[in-house]
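Colleague: can you look at this prediction? I've put the sequence above it.
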Amino acid sequence: MKKISLTVFALLAAINLSSQDVYDNLRRFIRQERQHAEMLKNFKANENTTNYDLKYHRLEFTVDPSNPQPYIEGTVTSYWIATEEMNSITFDMVNSLDVISVTQRGNNLSFTQNTSELVIDLPVTQGVNVLDSLTIQYAGSPGNSGFDSFVRSTHNGVPVIWTLSEPYGARDWWPCKQDLIDKIDSVDIYITYPAVINGQNFKAASNGLLVSETVNAGMKTSHWRHNYPIPAYLIAIAVTNYSVYNDYAYEGTDSEFPITNYVFPENLSYAQGATPITADYIELFGDLFEMYPYSEEKYGHAQFGWGGGMEHTTMTFMGGFSNGLIAHELAHQWFGDKVTCGSWHDIWLNEGFATYLTGLTVEHFEGNTAFVSWRDSKISNITSENGGSVYCTDTTNIWRIFNGRLSYNKGSMVLHMLRYKLGDEDFYQALRNYLADPQLSYGYARTEDLKQHLEAQSGLDLDEFFDDWYMGEGYPSYQIHWNQTGNNVQIKINQTQSHPSVSYFEMPVPIVLYGTGDEELELRLENTYDGQIFNQTVDFTVAQVAFDPQKHLISKNNTVTIGAVEASIPRIEPLPNPISGQVTIRTVPGVHFEGIRIYNETGQKILEQDKEHPIVNFDSLPRGLVLLRIDTDKGEIIKKLVVE
């Protein structure tokens, strides 16, 4: 999903809204978000919905866009399997929706409503793995948390109804299981609404395939069916006087499927010129990852009155049709819809991926120069503040969940750095494995699941990477010092960090050497500690050294200087002098112990131990002056000690 920003003015203007509409929409949005933030402060995952597995919903909604007040009538039939013995079942549902009845096989069931739950008493104890069902009939004014859960508005003077349930808004307009712990295996969605309003024919858009449209006594019912697993927050409806047309992916092949567009009539020409690129993006993502995950149904767009987009499964709701927005929301069908973040803490698995895949469309259709510029803009935004982790620290705050700088941009650049670290072959294969994993496919994933696939494919240990770049806050600044002597170029890398949560950002560092005769040599230096020195043999005179000219790394305020490179001085923890007893040789962070040798006053070696044996028993040595040589990966440390 795209969060709204000041670019809303451009988006809304692009779809021909008046300036007054723009300001009214923005004022309404800001006012509602203040209310939503207050409501979400007390949100917690609902432990009362963890004892059953949803299999199917039949969702029957009756709405009227011409009603100036948001209102819905609904009948929801749910099938579930008990995962433990149950005497009652709980659904998430706000109490502004009044439950009229709950029935099971023709019998009325007792129920209670509290602020955010519907609790239904079952007539008998339901055993584990037993399938059962019931039907809830309700009506009322929907709630409005998150990003406008259920909205009645207008476009060009014509009424429209649309929903947007991410992250916590599904319960605002239907009884559901809202947490990221269960997906509904399949849904039938029936939307009933006036067929004609003010002489205009109305249509409804939703998930899956349109099965039928029927009219009875002036009311039209659109029946949509979706046969893939789906979380509650990705189910959506929209109703207005839509114009409908199709583009096609894989056109003219056996894999052809429709891209169905529901757009406001006043924007039809604009949309028809903008949406065909969707097919190219679908085919690109199919080549890089796998075939579009819902190819047996469709992909589609439905225009709505919000300044961004929302990736409802198979039917993205769109505020406009820019290439970037089309690519971002389409990318979610793989990353966010097929494999969904298993906690809002891990929202980057949705938004960081969708942002990065937008960058991939720039790379493949506009070229590397444009992609470098794209990365540079992300890095500039990420480093505009000194702190902030990709890991979402506050899931009660929608602005933190959908933080553009962290969940979107930093998340996308962390993916790019993983691509740089692993290489294209392992990076893309790991993502294909992630999407195909039967434990994750059409289910939920956490960051650890992604990490395991990246490690399994590449053979790398990525603990340090994820500690630094995913959990850690801030970014590094690099100080590159270099000098050339003959055919040897010596490069020293120092680093400072913008935030104390990371002691050192370990990452391969891209360096490019440019010669006086137009020579160019790209280096990838595996930088793991401060002051690390690299030596490179070259057969040309180096005129300039550039740090990360292709913008692979999140960093800022980097410097490159030429001059004598001072060798790093390896260090150990202080040793007592005089010394006695058993002593463990410990190096400081960034210096690794390799072994020791001890010599007496005459230069005779009296002890040698390798890196597996860092403990020295000085009581076993002759008393007097000794020379201690400690080998490290940074060089040799020599100390004179007196053994007592």
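Modeller: Now that the structure is in, tell me what you want to look at. Numbers count the residues shown, from 1 in each chain.

Colleague: residue contacts, the residue nearest the centre of the chain?
Modeller: Central residue check for the chain by CA atoms, centre = their mean: the C-alpha nearest the mean position is that of Trp348, 2.0 Å away. With contacts defined as CB atoms under 8 Å, 6 or more residues apart in numbering, Trp348 is in contact with Cys341, Val390, Tyr391, Cys392, Leu406, Ser407, Lys410, Gly411, Val414, Thr447, Tyr470. (Glycine included, C-beta is placed from N, CA and C.)

Colleague: just Leu118 next, same as before
Modeller: Applying CB under 8 Å, 6+ apart to Leu118 gives the contacts Thr90, Phe91, Asp92, Met93, Val99, Phe111, Thr112, Ile136, Pro175.

Colleague: that one should be in a helix, yeah?
Modeller: No: counting by DSSP: H, G, I helix; E, B strand; the rest coil, Leu118 is located in no helix; its state is strand.

Colleague: before we move on, back to that, distance of the residue nearest to the centre of the chain from Glu385?
Modeller: Distance of Trp348 to Glu385, given as CB to CB, to the nearest Å: 17 Å.

Colleague: hmm, back to that, could you report the neighbour count for the nearest residue to the residue nearest to the centre of the chain once chain neighbours are set aside?
Modeller: Among residues not flanking Trp348 along the chain, Gly411 sits closest, at 3.4 Å (CB to CB, 6 or more residues apart in numbering). Burial of Gly411, expressed as a neighbour count using other CB atoms under 10 Å, amounts to 28.

Colleague: can you map out the helices along the chain?
Modeller: 8-14, 19-40, 268-274, 277-288, 323-331, 348-366, 368-382, 398-401, 411-422, 424-436, 447-458, 463-465 (DSSP state H).

Colleague: quick one: low-confidence parts of the stretch 1-150 of the chain?
Modeller: Where the stretch 1-150 of the chain drops to pLDDT under 70, the residues are 2-45, 146.

Colleague: what ranges do the strands span in it?
Modeller: Across the stretch 1-150 of the chain, reading from the start of the chain, the strands by DSSP state E, counting those that start in this stretch fall at 52-62, 72-82, 86-92, 97-104, 107-108, 111-113, 117-126, 131-140, 150-155.

Colleague: the stretch 401-550 of the chain now?
Modeller: 444-445, 476-485, 488-497, 507-515, 520-527, 532-537, 542-547.

Colleague: give me the mean pLDDT for the fourth one.
Modeller: Just to be clear, that refers to strand 507-515. Rounded to a whole number, the mean pLDDT of strand 507-515 is 97.

Colleague: what lines up beside it in the sheet?
Modeller: Under the criterion DSSP bridges, strand 507-515 sits next to strand 520-527 (antiparallel), strand 542-547 (antiparallel) in its sheet.

Colleague: between strand 488-497 and the last one, find me the angle.
Modeller: If I follow you right, that is strand 542-547. Computed with axes from the mean of the first three to the mean of the last three CA atoms, to 10 degrees, the direction of strand 542-547 lies at 30 degrees from that of strand 488-497.

Colleague: buried ones in strand 542-547?
Modeller: Within strand 542-547, the residues that count as buried by 16 or more other CB atoms under 10 Å are Val542, Val545, Phe547.

Colleague: wait, what's in contact with the first one?
Modeller: Listed by CB under 8 Å, 6+ apart, the contact partners of Val542 are Trp482, Gln484, Val489, Leu513, Tyr514, Gly515, Thr516.

Colleague: before we move on, the earlier item: just say which of the strands of the stretch 401-550 of the chain is most tucked in.
Modeller: Neighbour counts (mean count of other CB atoms under 10 Å) averaged over each of the strands of the stretch 401-550 of the chain peak at strand 444-445, with a mean of 22.

Colleague: for that strand, packing partners?
Modeller: The criterion is 3 or more CB pairs under 8 Å, 6 or more residues apart in numbering; DSSP states H and E, and the helices and strands that strand 444-445 contacts are strand 340-341.

Colleague: any low-confidence regions in the chain?
Modeller: Counting by pLDDT under 70, the ranges of the chain that qualify are 2-45, 146, 565-570, 602, 634-635.

Colleague: can you do 80?
Modeller: 1-45, 145-148, 564-574, 587-591, 601-603, 611, 613, 627, 633-640 (pLDDT under 80).

Colleague: tell me which residues touch the residue nearest to Trp348, please.
Modeller: The contact partners of Gly411, taken as CB under 8 Å, 6+ apart, are Trp348, Glu351, Gly352, Phe353, Thr355, Tyr356, Val390.

Colleague: for Arg171, which of the helices of the chain is the nearest?
Modeller: Each of the helices of the chain was scored for nearness to Arg171 using CB to CB, and the closest is helix 19-40 (11.4 Å).

Colleague: hang on, the earlier thing: turn the buried residues of strand 542-547 into CSV, including distance to Val211.
Modeller: Formatted as CSV, the buried residues of strand 542-547 follow (distance: CB to CB, whole Å):
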residue, distance to Val211
Val542, 68
Val545, 64
Phe547, 58
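
Colleague: out of these, which comes closest to Thr316?
Modeller: Nearest to Thr316 among the buried residues of strand 542-547, counting by CB to CB, is Phe547 at 39.2 Å.

Colleague: you'd agree the closest one is up against Asn557?
Modeller: No: taking CB atoms under 8 Å as the contact criterion, Phe547 and Asn557 are not neighbours in contact, 11.1 Å apart.

Colleague: where do the strands sit along the stretch 151-300 of the chain?
Modeller: Taking DSSP E, counting those that start in this stretch as the criterion, the stretch 151-300 of the chain carries its strands at 158-163, 186-194, 196-197, 200-201, 203-206, 209-216, 219-226, 237-240, 243-249, 257-263, 299-303.

Colleague: what residues does the first one touch?
Modeller: Counting by CB under 8 Å, 6+ apart, strand 158-163 makes contact with 63, 65-66, 70, 149-154, 169, 173, 193, 197-198, 200, 236-241, 264, 302, 304-306, 317, all of which sit outside it.

Colleague: which ChimeraX command selects the buried ones in the residues you listed?
Modeller: One line in ChimeraX is enough to select the buried ones among these; burial here means 16+ other CB under 10 Å:
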select :63,65,70,149,150,151,152,153,169,173,193,197,236,237,238,239,240,241,264,302,304,305,306,317
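
Colleague: identify the residues contacting the nearest residue to Ala354 once chain neighbours are set aside.
Modeller: Of all residues beyond its chain neighbours, the one nearest Ala354 is Ala331 (4.2 Å), with distances taken as CB to CB, 6+ apart. By CB under 8 Å, 6+ apart, the contact set of Ala331 is Phe285, Phe353, Ala354, Leu357, Thr358.
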